[in-house]
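*Asks:* give me coordinates for this.
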Amino acid sequence: MDVERLLAGLDAHQRLAVTSEARPLCILAGAGSGKTRVLTHRIAYRALTGDADPRRVLALTFTRKAAAELTSRLRTFGLRDVPAAGTFHATAYAQLRGRWAGLGGQAPTLLDRKGRILGRLLGSSRQATPADLAAEIEWAKARLIRPEDYPVAARRADRTPPLGVDRIATLYDRYEQEKRKRRLVDFDDLLALCAHAIETDPAFAAAQRWQFRHLYVDEYQDVNPLQERLLRTWLGDGDDLCVVGDPNQAIYRWNGADASFLTQFHRRHPTAEVVQLVDSYRSTPQILQTAASVLAGTGGRPRPLRANRPDGPVPEVIGYRSAEDEANGIARALRESRGPGVSWSAQAVLVRTNAQMALIESALRLARIPYRLRGSRGFIDEPEVRELLSGLERLREPLATTLPDLESGLARRQAELGMPVHAVGPDGPEWRRGDAPAPAVEPDPDSAVARRLAAHEAVIRLGRELLAMDPAARTDHLPRWLKASVRDGDVARGGDAVSISTFHAAKGLEWPIVHLAGVEDGYVPINQARETEAIEEERRLLYVAVTRAERVLRISWAQSRTFGERTVERRPSPFLRSVETTLGDLDERAARPVAASDHLATSRAALAASGTEVLPGADPAVLAALRAWRAEVARRAKVSPGVVLSDRALTAVASARPTDPGALSDLPGIGPVRADTYGAQLVALVREHAAGANR
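*Replies:* Numbers count the residues shown, from 1 in each chain. Purely as a prediction, here's the structure:
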């Protein structure tokens, strides 16, 4: 491929990023801006112009899938040699294996599953699982934190592991000792060992730097301190480094990532050039403006990426009375959206936590909508569920008599914890000790306690579902029925199916139609996010979820959810306040007539612009009062009146004249967040005028 053909079709900013002679180079690539395209084109451009030897290129990624995609794209350019692409871990392991072979002797054994050791260290403890302990150890290693330093670092980071920071530190230390005794290394050790070898062995360092002289890093906002240390050792005194990332998609701080390596790149590399990609080729203007409003919060209004797709429908925010209603509503919306030329796989349902998936799965299964889970095990593959089902398979009693025993078992588990559960919330239990109420304890939604409770309750609920279809079912029928019915929904790879994914697992993916479920306070942001940094990361996570949508975006939440035997009232995510302001503006713009040749359209547009239009069905007195109220609210908030409520919304209120705040969220241009904010005031105005008219 010649250079001109390679550069054809790139926009001005993409072309600059591809052809820049700067070393180092930082490319800030927003959602849908062609990040991977720019990265591969830059590698190919430098190879085609003789500026870089493709055999000496190393492109670092965070997943094998991303590395495979880079390699596949690079092959299409017809380069003489295909550059190397791989994860940090795979590259470090390859280099270490060569080193160990050269030094002679027996190489350490790679421990691919920490649980084999951690399970024994935990013993019979039911407070935490090996996965809980592994997560803390991995976080500490990513942040270059030793066992003895873990307690202080964990407290500073506001981490709340199930065993307490001092106990985790002890187990972390014992884990490291056990590995040394057995000559084992885990995946994180590979990075540290490779970095140490390069730092202490000049010959080994020279060999690695000669092999890979041109370094590229994808998704650089996700780099952690350990990976950055290794990257700097590979780079040495060189400056041939190109990183690509988006600070607005930095969502792995909880896992040890440090986005400051990207945001402060110019400080660490004073001679670097920073190029920003400002065009998005994925989403409609309406979705991009909605995404920008998520980041805005209560502060300024960040400029949205420049859209290169035609206009689409205004995104929706829908409030449901219950979580079950929401799941069923999503199933209906999925079916309604599947029209001519629209496959099931064109749609996705995204949730904040794994625990939210079971209800969505159940609704789609009952609606006979095929689905696949992305980035998460299926419900019956969860360890807690497998353990419970394994015990049930050995029983041959009537399910109708066993279900009460299962419910009693749940109560016993709660008693074993020494803290009777008052209510099980979305992210774990809310506790009460004795008769005195205690504040809610909000553990990690994927903690051992939360997983056990959620698994037990979900199996009981599904058991009732089986009984409704087969009252004579035996207990041992339940596991087989679950495996058959759940697997029916999770279609084979490559089939036409709706994707169900967490926000995190959806990163890097896109769909024409996206349904965001459970966007409620407590999920978005998650309950444990207390510090400003954690809350801002939750805001970025919602931004990532929103920008997965290409054409249609549907956001929903539930006014109540049932946890255990208690129904808990819910509120929409506070992040939706800025979203609904933007949606109101978009609704108002969409409602305005476009420029037309006929006199009527022109006159109506002028009236709408002047704010004096009265549509049929609206009570003029009520509408006038609403306009006066809106003007005062806008004056106090120092915003334009349309930001408070659009003319369309005021007209809808003046037409419907609701006397109950609950009826407001169904009106055009209102939505659940504005209904929650202004509902009492709007209803009071309507009632006041109704009373005046009856005097």
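
*Asks:* which residues does Thr567 contact?
*Replies:* The neighbourhood of Thr567, defined by Cβ atoms under 8 Å, 6 or more residues apart in numbering, consists of 322, 560-561. In this view, the C-beta of every residue, glycine as well, is placed from N, C-alpha and C.

*Asks:* put the buried members of these into a PyMOL selection.
*Replies:* Of the contacts of Thr567, the buried ones go into a single PyMOL selection, burial set by 16 or more other Cβ atoms under 10 Å:
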select buried, resi 561
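
*Asks:* and Asp173, which of the three is it?
*Replies:* Look at Asp173: counting by DSSP: H, G, I helix; E, B strand; the rest coil, its state is helix.

*Asks:* how far away is the residue nearest to it when sequence neighbours are not counted from Arg97?
*Replies:* In space, and not counting its chain neighbours, Asp173 is closest to Pro147: 3.8 Å by Cβ to Cβ, 6 or more residues apart in numbering. Using Cβ to Cβ, to the nearest Å, Pro147 is found at 27 Å from Arg97.

*Asks:* now Arg394
*Replies:* Distance of Arg394 to Arg97, given as Cβ to Cβ: 45 Å.

*Asks:* okay, those two: which has more neighbours?
*Replies:* Counted by other Cβ atoms under 10 Å, Arg394 and Arg97 do not tie: Arg97 has more neighbours, with 13 against 9.

*Asks:* hang on, the earlier thing: neighbours around the residue nearest to Asp173, how many?
*Replies:* Other residues near Pro147 come to 18 when the count uses other Cβ under 10 Å.

*Asks:* that one touches Tyr172, doesn't it?
*Replies:* Yes: taking contacts as Cβ atoms under 8 Å, Pro147 lies within contact range of Tyr172: 4.3 Å.

*Asks:* which neighbours do the two have in common?
*Replies:* With contacts taken as Cβ under 8 Å, 6+ apart, Pro147 and Tyr172 have Ala140 as neighbours in common.

*Asks:* list the buried residues of the longest helix along the chain.
*Replies:* As assigned by DSSP state H, the longest helix anywhere in the chain is helix 671-694. Neighbour counts over helix 671-694 (16+ other Cβ under 10 Å) mark 671-679, 682-683, 685-686, 689 as buried.

*Asks:* coming back round to it: inside strands: which ones of the contacts of Thr567?
*Replies:* Secondary structure from DSSP state E places 560-561 of the contacts of Thr567 in strands.

*Asks:* switch the contacts of Thr567 over to a markdown table; also include distance to Val351.
*Replies:* Putting the contacts of Thr567 into a markdown table (distance: Cβ to Cβ, whole Å) gives the following:
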| residue | distance to Val351 |
| --- | --- |
| Ser322 | 16 |
| Ser560 | 17 |
| Arg561 | 13 |
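
*Asks:* spatially central residue for this protein, please.
*Replies:* Centroid check for the chain by Cα atoms, centre = their mean gives Phe503 as the closest residue, at 2.1 Å.

*Asks:* check contacts around that one.
*Replies:* By Cβ under 8 Å, 6+ apart, Phe503 lies in contact with 251, 350-352, 541-542, 544-545.

*Asks:* Glu520: what's it in contact with?
*Replies:* By Cβ under 8 Å, 6+ apart, the contact list for Glu520 reads 426, 557-558, 570-573.

*Asks:* if we go to 6 Å?
*Replies:* Glu520 is in contact with 557, 570, 573, counting by Cβ atoms under 6 Å, 6 or more residues apart in numbering.

*Asks:* and the first one, what helix or strand is that in?
*Replies:* It stands for Trp557. For Trp557, the enclosing helix or strand under DSSP states H and E is strand 549-558.

*Asks:* which residues sit against that strand?
*Replies:* By Cβ under 6 Å, 6+ apart, strand 549-558 touches 282-284, 287, 312, 315-320, 322-323, 326, 510, 512-517, 519-520, 570, 572.

*Asks:* please pick the buried ones from those residues.
*Replies:* 282-284, 287, 312, 315, 317-320, 323, 326, 512-517, 519-520, 570, 572.

*Asks:* give me the subset of these lying in strands.
*Replies:* 317-320, 512-516.

*Asks:* that older thread, can you lay out the contacts of Thr567 as TSV showing pLDDT?
*Replies:* Formatted as TSV, these follow (pLDDT from 0 to 100):
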residue	pLDDT
Ser322	92
Ser560	91
Arg561	89
